[in-house]
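**Q** Sharing a model that was predicted from the sequence below.
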There are 2 protein chains.
Amino acid sequence: MSNVIDSPIRNGVDTATLFATLDAVKGNNEIAKFQFRATNKWVSGTHNQSTIHGFYGAMQEMQHAAPHTGEADHPAVLVGGDNGPTPVEYVLHALAACLTAGIANIAAARSINLTSVESTVEGDIDLLGILGLGRGEVRNGFEGIKVSFKLEGDDADKLRQVVEQSTARSAVYDVITNGVPVSIEVATA
Amino acid sequence: MSNVIDSPIRNGVDTATLFATLDAVKGNNEIAKFQFRATNKWVSGTHNQSTIHGFYGAMQEMQHAAPHTGEADHPAVLVGGDNGPTPVEYVLHALAACLTAGIANIAAARSINLTSVESTVEGDIDLLGILGLGRGEVRNGFEGIKVSFKLEGDDADKLRQVVEQSTARSAVYDVITNGVPVSIEVATA
């Protein structure tokens, strides 16, 4: 990687701090071990709310500057109260957000100026699966997801390479395309 | 499935409408084909914002009652502005939200009263992957996710079975544990 930096801030990314962080992690891999968390509370019906605040990283317990809350619900057509996006829509948001953050970081690290990044994420799902009507032939989740980016900036070819690299290094893209083992514990009262 | 309903509303779920919806879908499987969407716009650095509004389902274009927006960012320790949860934290929220909505629906369909559902979701991730320092041995996404539920309601054994069934029918659990193909298109200007 070339560390030639002509301006420490590009695309809103503090590249000096970004490269310093990379150097710190190279010096001590323990810094890179993170645990992220969400706590969720049922409200009523399909409506529930998550709070995201604390996490572990850089060898210590940390917190976001403020707790973030997010509502989730089903729309009326799916017998919900429509008090928030559906859980599956949050997955699409997470994918767009992860790829877009990576695009900004990688473009900055490569001294490429971005002026605009927009995307639309579409996920096709056949609800026969979750409704238990699929006779074992229909999965519960998305059959496929399509992400369409519109980028404006320095150089079209370089911008395409930035998207490729962001995809190759995206946490959420990896989670969604490759899957992750999930364990579930239940305590009852 | 037993359709003996002693009260149409249980756990905030309109079970009469839920069973009517199931019957409608059984009568015409096309109703179950949905497409969910998110549009995302880069703000600056790792900060971006998604809007969730329109979707396709029940054989027509539909909209949530109101557009929902969600901010995403990296925390300061990851060279961001901390203007929202990280993309990976949204994945944890989506998982908790999907399982919890399913618990409420399935408990209602089985005439089981819930009084409280809380959960904590923890995802372990080694950032050597996304930082490109993992020498191909560290994945970009979560190594594993743990969901811990605390349920209160009618009957501990039945509540555990409800969680099992919600897991077996969860869209987000399927997406995260089994993976989904993702295609990415790029237009530049």
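**A** Noted; the coordinates are in hand.
**Q** Report the distance from stretch A:100-116 to the chain centre.
**A** Distance of stretch A:100-116 from the chain centroid (Cα atoms, centre = their mean, to the nearest Å) equals 17 Å.
**Q** where are the low-confidence patches of chain A?
**A** A:1-7 (pLDDT under 70).
**Q** Which parts of it are strands?
**A** For chain A, the strands defined by DSSP state E cover A:9-10, A:13-14, A:33-44, A:47-57, A:60-72, A:114-126, A:144-153, A:182-188.
**Q** Please point out which parts of stretch A:71-87 sit buried.
**A** The neighbour-count check on stretch A:71-87 (16 or more other Cβ atoms under 10 Å in any protein chain shown) flags A:71-75, A:78-87 as buried. C-beta: built from backbone N, CA, C; applies to glycine.
**Q** centre of the chain versus stretch A:93-101, how much separation?
**A** 5 Å.
**Q** neighbouring contacts of it?
**A** Identification of contacts with stretch A:93-101 by Cβ atoms under 8 Å, 6 or more residues apart in numbering or on different chains yields A:85, A:117, A:119, A:121, A:145, A:147, A:149, A:163, A:166-167, A:170-173, A:176, B:38-40, B:42, B:45-48, B:50, B:52, B:70, B:72-74, B:80, B:87-88, B:90-91, B:94, B:182, B:184.
**Q** I'd like the strands of chain A as CSV, with distance to chain B appended.
**A** Converted to CSV, these look like this (distance: least, Cβ to the nearest Cβ, whole Å):
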stretch, distance to chain B
strand A:9-10, 9
strand A:13-14, 5
strand A:33-44, 3
strand A:47-57, 4
strand A:60-72, 4
strand A:114-126, 4
strand A:144-153, 5
strand A:182-188, 4
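**Q** By residue count, which helix of chain A is the longest?
**A** helix A:87-109 (DSSP state H).
**Q** So what's the residue count around A:Glu89?
**A** 25 (other Cβ atoms under 10 Å in any protein chain shown).
**Q** how much space between it and B:Thr46?
**A** 21 Å (Cβ to Cβ, to the nearest Å).
**Q** Check A:Val180 too.
**A** With distances taken as Cβ to Cβ, A:Val180 is found 22 Å from B:Thr46.
**Q** Name the residue closest to the centre of chain A, please.
**A** Against the mean C-alpha coordinate of chain A, by Cα atoms, centre = their mean, the closest residue is A:Ala94 at 3.3 Å.
**Q** residue contacts, the closest residue to it other than its chain neighbours?
**A** Nearest residue to A:Ala94, sequence neighbours excluded (Cβ to Cβ, 6 or more residues apart in numbering or on different chains): B:Tyr90, at 3.9 Å. By Cβ under 8 Å, 6+ apart, the contact set of B:Tyr90 is A:70, A:90-91, A:93-94, A:97, B:70, B:72.
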